[in-house]
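Undergrad: sequence first, predicted model second:
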Amino acid sequence: MKNTALITGASSGIGKELATIHAEKGGNLILVARGQDKLNDLKAELEKKYGIQVNTIAKDLSETGAAKELFNDIESLGIQVDYLMNNAGFGLVGKFHELPWERQMQMINLNMVALTELTYLLLPSMVARNNGKILNTSSTAALIPGPLQAVYFASKAYVSSFSNAIAEELYDKDITVTALLPGATETSFAKTSGVDKTAIYSNPASARSVAEDGYNAMIQGKLDVISVSSRSQKMQLSLVSFFPKKMILKTTRKMQEEK
């Protein structure tokens, strides 16, 4: 397999594991993250171990216009993107009106705008050749409102809804769109967002297991895949719609308060 995968947020966590899985299967890569040094290290590791071609692009996709810049960079490389994995994202913990607006705007740009724009820019070529796969990293946060992470939870609800909608728009094409919904995962995300000290992160899944769930679901063309560390967590999530919303809100808020 020489399918080329474009992966954002690729230098660590789930993104790095997605890159490794694709490399293990013989696929080429375009890796995107903010830090060039980490990208260079990963490129050297994967090329040496798996004999594939890895291109790296350092880009902060939370900046306005960065997605179009990335697309132009890919066009200049002359590489066809077969798999698009929109994985980059971050969260913030705190009351909406107390968190810095600039950081919340960056979160909106990264979690929603960049993901949507990259999909918009790369999808037409997939449609033209009637082939391609898209994996968008959402979250189990998409399933409920999130007091103390209001914008983050809302952004992931958008990702899931958007992914499912365009998947149906492409029903007559050989193109699939999959939403990956991880629960708490062992990545730098927790420390960055501030949820590492909350009850939500008491039993996180490994980044590798989440990436495997997402990658396999993408290959199989599934709409959604929930990836959590235990069956009990998955069962709890499946029952969310049966509980009163006020109870869900109160429980979610308490789980995100520091232990």
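TA: Great, that's in hand.

Undergrad: pull the longest strand from this protein.
TA: strand 175-182 (DSSP state E).

Undergrad: that one - contacts with which helices or strands?
TA: Applying 3 or more C-beta pairs under 8 Å, 6 or more residues apart in numbering; DSSP states H and E, one finds that strand 175-182 contacts helix 115-129, strand 132-137, helix 150-169, helix 207-220, strand 224-227. Quick note: C-beta positions are derived from backbone N, CA and C, even for glycine.

Undergrad: show me what the fourth one is packed up against.
TA: What that stands for is helix 207-220. helix 13-24, strand 132-137, strand 175-182, strand 224-227.

Undergrad: check the offset of that helix from the chain's centre.
TA: Helix 207-220 sits 11 Å away from the centroid of its parent chain (C-alpha atoms, centre = their mean, to the nearest Å).

Undergrad: where does pLDDT dip in this protein?
TA: Low-confidence segments of the chain (pLDDT under 70): 1, 188-203, 229-259.

Undergrad: kindly recompute the last result at 90.
TA: The chain contains residues with pLDDT under 90 at 1-2, 183-205, 228-259.

Undergrad: if you compare the helices and strands packed on strand 175-182, which one is most tucked away?
TA: strand 132-137 (a mean of 26; mean count of other C-beta atoms under 10 Å).

Undergrad: what's that strand in contact with?
TA: With contacts defined as C-beta atoms under 8 Å, 6 or more residues apart in numbering, strand 132-137 is touched by 9, 14, 18, 81-87, 89, 115, 119, 123, 125-126, 159, 162-163, 174-180, 182, 214-215, 217-219, 221.

Undergrad: now that strand - C-alpha only, CSV.
TA: What follows is strand 132-137, C-alpha atoms only, in CSV (Å, rounded to 0.1, in the frame of the first residue of the first chain):
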residue,chain,number,x,y,z
GLY,A,132,-10.7,8.5,-0.6
LYS,A,133,-11.1,8.2,3.1
ILE,A,134,-11.6,10.9,5.8
LEU,A,135,-11.2,10.4,9.5
ASN,A,136,-12.2,13.3,11.8
THR,A,137,-11.3,13.1,15.4
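
Undergrad: tilt between that strand and helix 150-169?
TA: 160 degrees (axes from the mean of the first three to the mean of the last three C-alpha atoms, to 10 degrees).

Undergrad: how big is the angle separating strand 132-137 from helix 115-129?
TA: Angle, strand 132-137 to helix 115-129, by the same axes, to 10 degrees: 160 degrees.
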